[in-house]
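Undergrad: here's my sequence, what's the structure:
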Amino acid sequence: MTHPRKLLTCISFIILLAGCKGTESTISVTYEGLGKVYGKNIDCGTDCEETYKNSWWDAQTGQSFKTTVIAEAAPGYEFYGWQGYSRLPVKGSIERCGQNTECVVEIYSECNDPIEDIGKLCKTLTGKGISLHAVFVPEGSIALSRWHLGSENCRITTLGELNCWGLYIGSDNAPLMTTPTDVKLTSSIACAKDDSGLHCWGSEAALGDMPTLNDVSDFAVSYNYVCAIDQGTVKCWGSNIENITPIPELDNPVALWGDSANMCAEADAGIQCWGLHAQGQTETPDLINPNLVIASTKTTGDDHFTCALAEGEVKCWGNHGEFIGIHDKLVQPTSFDVSYNLYCATDAAGLKCWSGFSYVTPYIVNIPNELIDSKQIQLGATRYLCGIDDVGLECWDGSASSSVFRPGSMVESDDFYVGGSLLAREGACAIKGSELACWGDPDFWPAQDSPQRTLTLSSPNAVATNGTTICVGGESSLQCWSKSSDEQLSAEAPVDLQGVTEIEMNAYNACAIHEGNVTCWGRGNFGQLDVPALSNPSQITIGGYHVCALDDTGVVCWGEQIPR
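TA: You can find the predicted model right below:
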């Protein structure tokens, strides 16, 4: 018998569904300089505003509304970039648009008053609002420009003016300066140099106490601290200064540079780096017969490390404190992998996984019995796992508690790869003969973006994906494509590689082993593209800030520094 309350709820839901409406979101556009801004229902002469409607069902199921706004400069002007902010909290982002002339605006609806007993459906929904400001400047009027993630910006004009925008470093916060010559910034701090010295501003919590400086020759701004070369000595200050790795001894430093978390200096001894992400993960210890190496690319927090399987033990270097107590629980391990919240390994007892890295003693995760006999395993970004047993390939989406499944014709695949991210969701791709197939979360690789296709390259034998880009390598070439037309990893892929035997990929970088060589491409902002000499490499692994390869000499790692 149906409970009266549930019956009433269902009747109410039917009435609600019958009269459901979408949510409305307003996009307001303004600009400065000479040019125009246009998009769907947008054609700005000076400024304009348009209201868009997200369908009721998409809003209920957390799907965003997307539209593209385009900036086009007038003759004699150039598009400089977007300033943007949301009227209400927004999931997704406009701040990544930066200097891209095409800005994809993504707006989610806000749920009000969830309906009891009907999952996550809502009684009412509120649309979000976003404002965009396009900046056009005369051609050749910018002497120097600095950006941080497209949301914070400073520029020095040819007239010697300093202009900034952003939450902490905007023009209202920037000091008055006389003929500034350089400016550097992060999301919360900016520093600029002029004739009177170095000036810093931004978040008071991040700036800390600035020391007395007499003659600054170079400076750099990092996560929430600043470093400067003052009379031949590197001085650093900021709120996080006590947590970074110690500043190395530097004789005659001549240059400083950094990014959001690291700092590097060039001195008599060469390039030396320190910071949150320079944690010794490239300093390989002595290993006996290593046969598997994993670089931390998916772990939480600021811990960065490398682990290798050698002589029946897992050995790690770098900052791997969150795995204390796990290695000793393994008996004759044969494979392992790490994600944001899982550590999985196969040993004499089969497959086992741990989670809860924030605790001293991680807890063991209950995985389906079907997976225990897996001989090889790969983890996605969070809890997506695939392995190979005596029958073939099997996968498990632990985040959805779904059952183990075998991917149809790809059970006996030639190669498979588990990929994705916190944003791109998770799934896997596999190749068999000339066929490619991908599966997993619908946002990982939706049906309209060709999750299955016949490959045109000859003898494909390696595949990799990050949920946005797929690369497949074969005897004659490398083939890459993505869901985004301007995706860097597909646009810059060296398609002429021959004899590709392995591909590795994360959100920003990719590497391939081909004919006894390793080639890497992508962002490379920590030196990941500077591949050292290798002897017959057999495996490659990419971390968040470094790359490691297994070759005849053992484990070789590189990266962990910031190229200028």
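Undergrad: residue 248: what's it in contact with?
TA: Going by C-beta atoms under 8 Å, 6 or more residues apart in numbering, residue 248 touches 265, 272, 274. The C-beta positions use only the backbone N, C-alpha and C, and glycine is treated the same way.
Undergrad: mind redoing it with 6 Å?
TA: By C-beta atoms under 6 Å, 6 or more residues apart in numbering, the contact list for residue 248 reads residue 272.
Undergrad: and residue 388, what is it in contact with?
TA: 375-376 are the contacts of residue 388 under C-beta under 6 Å, 6+ apart.
Undergrad: mind doing that once more with 8 Å?
TA: Applying C-beta under 8 Å, 6+ apart to residue 388 gives the contacts 374-376, 394, 416.
Undergrad: neighbour count added to those, as CSV?
TA: Shown next, in CSV, are those (neighbours: other C-beta atoms under 10 Å):
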residue, neighbour count
374, 24
375, 13
376, 15
394, 20
416, 24
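Undergrad: so which of these are in strands?
TA: 376, 394, 416 (DSSP state E).
Undergrad: among the residues you listed, which one lies nearest to residue 534?
TA: Nearest to residue 534 among the ones in strands among the contacts of residue 388 is residue 376, at 23.3 Å by C-beta to C-beta.
Undergrad: pretty sure that closest one sits against residue 389.
TA: No. If you go by C-beta atoms under 8 Å, residue 376 and residue 389 don't touch, sitting 9.0 Å apart.
Undergrad: ok so, going back, state the pair within the contacts of residue 388 that is farthest apart.
TA: For those, the farthest-apart pair by C-beta to C-beta is 375 and 416; their separation is 13.0 Å.
Undergrad: ends of stretch 313-329, how far apart?
TA: One end of stretch 313-329 sits 11 Å from the other (C-alpha to C-alpha, to the nearest Å).
Undergrad: ok now it, how far from the chain's centre?
TA: Relative to its chain's centre, stretch 313-329 lies at 24 Å (C-alpha atoms, centre = their mean, to the nearest Å).
Undergrad: can you spell out which residues form a bridge with residue 338?
TA: Residue 338 forms beta bridges with residue 343, as assigned by DSSP bridges.
Undergrad: hang on, it packs against residue 306?
TA: No. Counting by C-beta under 8 Å, residue 306 is not a contact partner of residue 338; they are 10.4 Å apart.
Undergrad: neighbour-wise, which of those two wins?
TA: Comparing residue 338 with residue 306 by other C-beta atoms under 10 Å, the one with more neighbours is residue 306, at 26 against 23.
Undergrad: in the sheet, who's paired with residue 265?
TA: Bridge pairing for residue 265 - DSSP bridges - gives residue 256, residue 272.
Undergrad: pretty sure it is touching residue 250, no?
TA: Yes. In this structure residue 265 lies within contact range of residue 250 using C-beta under 8 Å: 5.4 Å.
Undergrad: who touches both of those two?
TA: 234, 272.
Undergrad: who has more neighbours, those two?
TA: Each of residue 265 and residue 250 has its neighbours counted (other C-beta under 10 Å); residue 265 has more, 24 against 19.
Undergrad: what sits against the more buried one?
TA: 227, 229, 234, 248, 250, 253, 255-256, 271-273.
Undergrad: buried ones among these?
TA: Neighbour counting with 16 or more other C-beta atoms under 10 Å marks 227, 229, 234, 250, 253, 256, 272-273 as buried within the contacts of residue 265.
Undergrad: can you list these in JSON lines and add distance to residue 364?
TA: Formatted as JSON lines, the buried ones among the contacts of residue 265 follow (distance: C-beta to C-beta, whole Å):
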{"residue": "227", "distance to residue 364": "43"}
{"residue": "229", "distance to residue 364": "50"}
{"residue": "234", "distance to residue 364": "46"}
{"residue": "250", "distance to residue 364": "46"}
{"residue": "253", "distance to residue 364": "48"}
{"residue": "256", "distance to residue 364": "46"}
{"residue": "272", "distance to residue 364": "41"}
{"residue": "273", "distance to residue 364": "37"}
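Undergrad: ok, which pair from the residues you listed is furthest apart?
TA: Across these, the longest distance by C-beta to C-beta is 15.1 Å; it joins 229 and 273.
Undergrad: ramachandran angles for residue 398?
TA: Dihedral pair for residue 398: phi -70, psi -30, per degrees, to the nearest 10.
Undergrad: quickly find the element holding residue 58.
TA: If you go by DSSP states H and E, residue 58 is part of helix 56-60.
Undergrad: now that helix: average pLDDT?
TA: Averaging pLDDT along helix 56-60 yields 72.
Undergrad: next one: stretch 416-427
TA: 83.
Undergrad: other residues contacting that stretch?
TA: By C-beta under 8 Å, 6+ apart, stretch 416-427 touches 340, 378-386, 388, 393, 395, 397, 399, 410, 428-431, 438-445, 463-468, 503, 505, 507.
Undergrad: cool, and stretch 281-293?
TA: Contacts of stretch 281-293 (C-beta under 8 Å, 6+ apart): 295-296, 304-311, 315, 317-319, 335-336, 539, 541, 543, 545-546, 548-550, 554-560.
Undergrad: for PyMOL, write the select line for the buried members of the residues you listed.
TA: Those of these that count as buried under 16+ other C-beta under 10 Å are selected in PyMOL with:
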select buried, resi 295+296+304+305+306+307+308+309+310+315+317+318+319+335+336+539+541+543+545+546+548+549+550+554+555+556+557+558+559+560
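Undergrad: which stretches of the stretch 251-400 of the chain have low pLDDT?
TA: 297-302, 321-325, 356-361 (pLDDT under 70).
Undergrad: now the strands for it?
TA: Using DSSP state E, counting those that start in this stretch, the strands of the stretch 251-400 of the chain run over 255-258, 262-267, 270-275, 290-295, 305-310, 313-318, 335-338, 343-347, 350-355, 363-365, 376-379, 384-388, 393-397.
Undergrad: in JSON lines: those strands, plus distance to residue 221.
TA: Converted to JSON lines, the strands of the stretch 251-400 of the chain look like this (distance: least, C-beta to C-beta, whole Å):
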{"stretch": "strand 255-258", "distance to residue 221": "7"}
{"stretch": "strand 262-267", "distance to residue 221": "9"}
{"stretch": "strand 270-275", "distance to residue 221": "12"}
{"stretch": "strand 290-295", "distance to residue 221": "27"}
{"stretch": "strand 305-310", "distance to residue 221": "26"}
{"stretch": "strand 313-318", "distance to residue 221": "25"}
{"stretch": "strand 335-338", "distance to residue 221": "31"}
{"stretch": "strand 343-347", "distance to residue 221": "35"}
{"stretch": "strand 350-355", "distance to residue 221": "36"}
{"stretch": "strand 363-365", "distance to residue 221": "40"}
{"stretch": "strand 376-379", "distance to residue 221": "35"}
{"stretch": "strand 384-388", "distance to residue 221": "37"}
{"stretch": "strand 393-397", "distance to residue 221": "41"}
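Undergrad: what's the closest of the ones you listed to residue 127?
TA: Nearest to residue 127 among the strands of the stretch 251-400 of the chain is strand 393-397 (31.3 Å), distances taken as C-beta to C-beta.
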